[in-house]
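Enquirer: Coordinates for the following, if possible.
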Amino acid sequence: MNTTIAMRAVVLVFVMLIGELVSVSAQDGGPAVRVAWMGSGGVLLELEKVPTNFVVQVSEDLGSWHDQLDVCTRSNHVMVFDRDAAQTNGGARFYRLRAPGVSIESTHALWQAQALHSYTYHLQRMCWCLPETIREADVTVRENQVVSATNVVYGPSPDPSWVPPREPDLRSLMTIEQFFEMVVTAKQRLDLIAVSYDTSRGFPRRIAVDDDFRSVDGEQEYQVIWLTPEPRGNVEAVDR
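Expert: Next up, the predicted model:
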C-alpha cells in the first residue's frame, strides 16, 4: 500500500526567496529536507533519512498533487533537482514524499499505448563528457530506430583546434524505448536515479543518474524537452 512519508506534510517554497534555504525535519524521525532556489536551475532538494525508492510529489495549492520525481537510491541522503520549478512565475510550490515510488511498468504501458514508433524529440544532455559527446539535438526516430539528428550541439573542448564531426554518431542517441531500458538498468546498478515522466504519454522526460557517489564525475542528466509524433502518412511514404 502506498503511504505518504510524514515530514509535517509539505515544504513551502516561494520563488521570490532567491538564494534562501528552507529546512524541515519530521519530529518522528522521518525524512529531513533542505530546499534551495537555484534560479534557472530550478529547486534543489536535499533529502535525508529517505527510503531506497520514493516519489517527490508537487502541488501549487495543497489541493491537487502530481508525481514530479521518482527516485531510487542506495543512500539515505540524496540531492535532486526539480527543474520545472524554474517555470513557476512568482507562485509557491509545495513538496511531499510518498513511498514506494512510481511503477515503471505503468508508465511504460502508458507509452506503449500511444503506439508511437516514429517521432522527433529534442534532447538536452548534461554530463562530464568528452567534447565529441552530443549535448543537444533534434533526434528523429522512425520505426523505433534513430535515423537522424539535426541542430546538433557538442560539448566544449579544451583544444581550440578540435572540429566537430561532419556527421553525428547516431549510435550515441537513444529511442524512448532505450530510455526506458536505461531506467530499468540504472535502478538495479547505480547509486542514484531520479526520473520525471510525461503525464500524458508516459515517456521519461528527464533522467538524472549518479553512477557512484564516491566519484565526482559520475552524474549525467538527459532531458526530452519536447516530443512530436511523425505523421503516419509521412512514415509510410519513407518506408516504401
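
Enquirer: Residue 116: neighbour count?
Expert: Neighbour count for residue 116, taken as other C-beta atoms under 10 Å: 17. Every residue, glycine included, has its C-beta placed from N, CA and C.

Enquirer: what's the spacing between it and residue 225?
Expert: Distance, residue 116 to residue 225, by C-beta to C-beta, to the nearest Å: 17 Å.

Enquirer: tell me the domain ranges of the chain?
Expert: Domain assignment for the chain, taken from automatic domain parsing, gives 3-101, 105-239.

Enquirer: Any chance of these in JSON lines with mean pLDDT as columns?
Expert: Formatted as JSON lines, the domains of the chain follow (pLDDT from 0 to 100):
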{"stretch": "domain 3-101", "mean pLDDT": "70"}
{"stretch": "domain 105-239", "mean pLDDT": "88"}
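
Enquirer: you'd agree residue 109 is up against residue 202?
Expert: Yes - using C-beta atoms under 8 Å, residue 109 is in contact with residue 202, at 7.4 Å.

Enquirer: Between those two, which is the more surrounded one?
Expert: residue 202 (20 against 11).

Enquirer: thought the more buried one was touching residue 111?
Expert: Yes - between residue 202 and residue 111 there is a contact under C-beta under 8 Å: 3.9 Å.

Enquirer: which residues are contacting the one helix or strand residue 149 maps to?
Expert: Here residue 149 sits within strand 145-154, counting by DSSP states H and E. Under the criterion C-beta atoms under 8 Å, 6 or more residues apart in numbering, residues 131-141, 164, 168, 170, 173-175 lie in contact with strand 145-154.

Enquirer: For that strand, which strands pair with it and how are they oriented?
Expert: Neighbouring strands of strand 145-154 in its sheet, by DSSP bridges, are strand 134-142 (antiparallel).

Enquirer: related to what we said a few turns ago, drop anything exposed from the contacts of strand 145-154.
Expert: The neighbour-count test (16 or more other C-beta atoms under 10 Å) marks 134-141, 168, 173-175 as buried among those.

Enquirer: Next, format those as JSON lines and append distance to residue 92.
Expert: Putting these into JSON lines (distance: C-beta to C-beta, whole Å) gives the following:
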{"residue": "134", "distance to residue 92": "37"}
{"residue": "135", "distance to residue 92": "33"}
{"residue": "136", "distance to residue 92": "31"}
{"residue": "137", "distance to residue 92": "35"}
{"residue": "138", "distance to residue 92": "35"}
{"residue": "139", "distance to residue 92": "35"}
{"residue": "140", "distance to residue 92": "39"}
{"residue": "141", "distance to residue 92": "38"}
{"residue": "168", "distance to residue 92": "42"}
{"residue": "173", "distance to residue 92": "38"}
{"residue": "174", "distance to residue 92": "36"}
{"residue": "175", "distance to residue 92": "37"}
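
Enquirer: Out of those residues, which is nearest to residue 94?
Expert: Using C-beta to C-beta, residue 136 comes nearest to residue 94 of those, at 31.8 Å.

Enquirer: and the closest residue to the closest one other than its chain neighbours, how many neighbours does it have?
Expert: Spatial nearest neighbour of residue 136, chain neighbours left out: residue 153 (3.9 Å); criterion: C-beta to C-beta, 6 or more residues apart in numbering. Residue 153 has 12 neighbours, counted by other C-beta under 10 Å.

Enquirer: now residue 153: how far from residue 211?
Expert: Per C-beta to C-beta, residue 153 is found 24 Å from residue 211.

Enquirer: likewise residue 120?
Expert: Residue 120 is 29 Å from residue 211, where distance means C-beta to C-beta.

Enquirer: any idea which helix is longest in the protein?
Expert: Longest helix in the chain, counting residues (DSSP state H): helix 176-189.
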